[in-house]
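Engineer: only geometry, no sequence info:
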């Protein structure tokens, strides 16, 4: 009986040993499989990381290339804008220069027209004086031995004394025959062209007060001369330059109303419209610019008026 107990204990021990050995083997197998899966997962993560790094490098290169391209494009655009600005400034300067030259030519043409008118008037006066002289010669009595074609003196011509009743000379001479005097000048002022040239020179020299006074003197001395219309125009220009738009509008109106054939009419319309806009009288200014475009559609001033209206977002013709 005592011998059977150790055998039993040994069998139980072997049984427990066998039972304990089976789960350990299974766990070890699972651990190996799990470690293998973990290793595979780590390898996959490493490959993914490497792929992402490669893609990130490519993306960085693309971003850098794009940034370089954008910078180059920005430099090119800035260069183009600068060139365009320079071209616009140069074109504006040329336009101003051409406008000044055209204005100077118009002034010269007006001066030549005025000079031609004065020459025609002088010629007409000379012809009238010649006719008067011929009439005086025809009325002179023919003295004995006196040449028939003797020229009279410029002063009063006194004919020979008339005979008295007793055949002797009379105490008083007969009524003198006088040559009609030439028509007096309309003004004792200097010639209109000289006055205009002086005033215009002072205007171009920015001597605005002096030029304004000289243009006013010209208007007073020669109110009917076409250059008086030019004088009103430049007085308006002076008022505009010295921030007096109300006075400028009045000067332009004088030109527009009194000298309808003056070459400055289109410019007067344009500058009057600009002065009205400067005074915030937009409706009146727009009407003036539209009137200019309607009256002188092909003029440079009309082109400027169109640009002005377009810049304001105003249609060239009023809506109905």
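Structural biologist: Noted; the coordinates are in hand. Keep in mind that this is a model prediction, so the values were computed, not measured.
Engineer: And the helices in the stretch 51-200 of the chain?
Structural biologist: Assigned by DSSP state H, counting those that start in this stretch, the stretch 51-200 of the chain shows helices spanning 192-204.
Engineer: Run through it and note the low-pLDDT ranges.
Structural biologist: By pLDDT under 70, the low-scoring segments of the stretch 51-200 of the chain are 92-93, 95-96, 99-100, 104, 117, 121, 124, 127-128, 130-187.
Engineer: can you do 90?
Structural biologist: Scanning the stretch 51-200 of the chain for pLDDT under 90 picks out the ranges 51-189.
Engineer: how about residue 261, phi and psi?
Structural biologist: Backbone torsions of residue 261, given as degrees, to the nearest 10, read phi -100, psi 10.
Engineer: show me what contacts it?
Structural biologist: residue 226 (C-beta atoms under 8 Å, 6 or more residues apart in numbering). No exception for glycine: its C-beta is placed from N, CA and C like everyone else's.
Engineer: rerun at 10 Å
Structural biologist: Taking C-beta atoms under 10 Å, 6 or more residues apart in numbering, we find residue 261 in contact with 226, 229.
Engineer: Quickly note the distance from residue 273 to residue 221.
Structural biologist: 30 Å (C-beta to C-beta, to the nearest Å).
Engineer: which one of those two has more residues nearby?
Structural biologist: Legend: neighbour count by other C-beta atoms under 10 Å for residue 273 and residue 221, higher for residue 273 (27 against 17).
Engineer: Tell me which helix or strand the more buried one sits in.
Structural biologist: helix 265-278 (DSSP states H and E).
Engineer: Tell me which residues of that helix come out buried.
Structural biologist: Using 16 or more other C-beta atoms under 10 Å as the test for burial, helix 265-278 gives 265-277.
Engineer: What values do phi and psi take at residue 258?
Structural biologist: Dihedral angles (degrees, to the nearest 10) for residue 258: phi -100, psi -20.
Engineer: Can you get me a residue count around it?
Structural biologist: 14.
Engineer: Looks like it contacts residue 228 (just checking).
Structural biologist: Yes: the pair residue 258 and residue 228 qualifies as a contact (C-beta atoms under 10 Å) at a distance of 8.0 Å.
Engineer: Can you check which residues contact both of those two?
Structural biologist: Listed contacts common to residue 258 and residue 228 are residue 219; contacts here mean C-beta under 10 Å, 6+ apart.
Engineer: related to what we said a few turns ago, which other helices and strands contact the helix holding residue 273?
Structural biologist: For helix 265-278, the packing partners by 3 or more C-beta pairs under 10 Å, 6 or more residues apart in numbering; DSSP states H and E come out as helix 4-139, helix 226-241, helix 245-258, helix 282-295, helix 300-312.
Engineer: relative to helix 282-295, how tilted is the last one?
Structural biologist: When axes from the mean of the first three to the mean of the last three C-alpha atoms, to 10 degrees is applied, the directions of helix 300-312 and helix 282-295 differ by 140 degrees.
Engineer: Kindly calculate the angle that helix 300-312 makes with helix 265-278.
Structural biologist: For helix 300-312 against helix 265-278, the angle by the same axes, to 10 degrees is 20 degrees.
Engineer: ditto for the third one
Structural biologist: Helix 245-258 runs at 150 degrees relative to helix 265-278, counting by the same axes, to 10 degrees.
Engineer: Show me how far helix 245-258 is from its chain's centre.
Structural biologist: Computed by C-alpha atoms, centre = their mean, to the nearest Å, the chain-centroid distance of helix 245-258 equals 20 Å.
Engineer: Next: the fourth one.
Structural biologist: Using C-alpha atoms, centre = their mean, the distance from the centre of helix 282-295 to the centre of the chain it belongs to is 17 Å.
Engineer: rewinding a little: rebuild the buried residues of helix 265-278 as JSON lines, extending it with pLDDT and distance to residue 204.
Structural biologist: As requested, the buried residues of helix 265-278 are arranged in JSON lines below (pLDDT from 0 to 100; distance: C-beta to C-beta, whole Å):
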{"residue": "265", "pLDDT": "96", "distance to residue 204": "21"}
{"residue": "266", "pLDDT": "96", "distance to residue 204": "21"}
{"residue": "267", "pLDDT": "96", "distance to residue 204": "16"}
{"residue": "268", "pLDDT": "96", "distance to residue 204": "19"}
{"residue": "269", "pLDDT": "96", "distance to residue 204": "23"}
{"residue": "270", "pLDDT": "97", "distance to residue 204": "20"}
{"residue": "271", "pLDDT": "97", "distance to residue 204": "17"}
{"residue": "272", "pLDDT": "96", "distance to residue 204": "22"}
{"residue": "273", "pLDDT": "96", "distance to residue 204": "24"}
{"residue": "274", "pLDDT": "96", "distance to residue 204": "20"}
{"residue": "275", "pLDDT": "95", "distance to residue 204": "21"}
{"residue": "276", "pLDDT": "96", "distance to residue 204": "26"}
{"residue": "277", "pLDDT": "95", "distance to residue 204": "26"}
